[in-house]
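Asker: sequence first, then the predicted structure, then my questions.
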Amino acid sequence: MQLSRIFSANGLREAAGRIIPILICITFHELAHGFAAYKLGDRTAKNMGRLSLNPIRHIDPIGCLMMLLTGFGWAKPVPVNMGAFRDPKKGMAITALAGPASNIILAAPVLFIYGALISFPALYGTAFGRFIVDTVGNTAYISVALAVFNLIPIPPLDGSKVLFALASDRLYIKLMRYERYGMILLVVVMYMGILSGPLQSVSSTLFGWLFKIAEAANFIFGRFLTAG
């Protein structure tokens, strides 16, 4: 039943309506990491071709699967050489924050576009029109959810790098040694659904604040169409 559902026309549309936003959001997220590191003096991401809008360069299979199943996940981390930064801990913190910040910034214009699109009821008259509107809306929400998720202070998520930057140099080195074990903890936590409720609550609240942009766009275009 599930296979027939997935490969039906509606199933494929629903899958595409989530996969496309995921690819867009993780691409901007990882590109922001790489660009921030590059501006701070680290050319590693640039030399490895990670300053790219090609989503294939940024896909982590497990992270994308988690996003499809739970709504939260991650991309393939951008390689960073801390030694290239003038202040390694500060540089890592800024580079880490660039990813979530890019997703919040991305959500703003996407929500404006969403607000403009829903001003045209005729779009809902066709399956393709509904697909476009829903995909744009999904992109905004997933972008916000990705930002919130990555601020969790569990390695290798961005929040851990920001938190670790507050530690002493000696403790920072110790914490970084155990970063690779954080992925195991992260998968277990997500699989058990321990953080699903809090993450959805925070994401929905932040999305609600940003959704005022969509409401403003809808008001502007609605007035324009009425005047026309």
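Answerer: Looks like it arrived, so ask away.
Asker: make it CA atoms for all contacts and neighbour counts henceforth
Answerer: Noted.
Asker: and the helices in the protein?
Answerer: Under the criterion DSSP state H, the chain carries helices at the ranges 2-6, 9-39, 44-47, 61-70, 88-117, 127-150, 158-164, 169-177, 179-192, 196-227.
Asker: quick one: which of these is nearest Val80?
Answerer: The closest of those to Val80 is helix 44-47. By CA to CA, the value is 6.2 Å.
Asker: list the contacts of stretch 149-157.
Answerer: 72-74, 100, 158-163, 179-183, 186, 199 (CA atoms under 8 Å, 6 or more residues apart in numbering).
Asker: just the buried members of those?
Answerer: Among these, those classed as buried by 16 or more other CA atoms under 10 Å are 72-74, 100, 158-162, 179, 182, 186, 199.
Asker: name the pair among those residues with the greatest separation in space.
Answerer: Top of the distance list for those (CA to CA): Glu179 and Leu199, 21.7 Å.
Asker: ok, back up a step: just give me the closest of the buried ones among the contacts of stretch 149-157 to Leu31.
Answerer: For the buried ones among the contacts of stretch 149-157, the nearest to Leu31 is Pro100 (11.2 Å; CA to CA).
Asker: list the contacts for the closest residue in space to the closest one that isn't next to it in sequence?
Answerer: Nearest residue to Pro100, sequence neighbours excluded (CA to CA, 6 or more residues apart in numbering): Ala147, at 4.0 Å. Residues near Ala147 by CA under 8 Å, 6+ apart: 99-101, 103-104.
Asker: recalculate using a threshold of 7 Å.
Answerer: Ala147 is in contact with 100-101, 103-104, counting by CA atoms under 7 Å, 6 or more residues apart in numbering.
Asker: pLDDT (mean, whole number) over stretch 155-162?
Answerer: On average, the pLDDT along stretch 155-162 is 88.
Asker: meant to ask about stretch 196-210, not that
Answerer: Across stretch 196-210, pLDDT averages out at 94.
Asker: and the residue nearest in space to the middle of the chain, how far is that from Phe120?
Answerer: Nearest residue to the geometric centre of the chain (CA atoms, centre = their mean): Leu146, 3.3 Å. Distance, Leu146 to Phe120, by CA to CA, to the nearest Å: 29 Å.
Asker: do Ile194 as well
Answerer: 40 Å.
Asker: which one's more surrounded, those two?
Answerer: Ranked by neighbour count (other CA atoms under 10 Å), Ile194 and Phe120 place Phe120 first, with 15 against 11.
Asker: any low-confidence regions in this structure?
Answerer: 1-12, 70-72, 227-228 (pLDDT under 70).
Asker: at 80 what do you get?
Answerer: Along the chain, the model assigns pLDDT under 80 to residues 1-16, 63-74, 124-125, 169, 171-187, 189-191, 193, 224-228.
Asker: what is the burial count for Met48?
Answerer: Counted by other CA under 10 Å, the residues lying close to Met48 total 12.
Asker: same question for the one 5 residues further on.
Answerer: Other residues lying near Leu53 total 15 when counted by other CA under 10 Å.
Asker: from Cys25, how far off is it?
Answerer: From Leu53 across to Cys25, the span is 11 Å (CA to CA).
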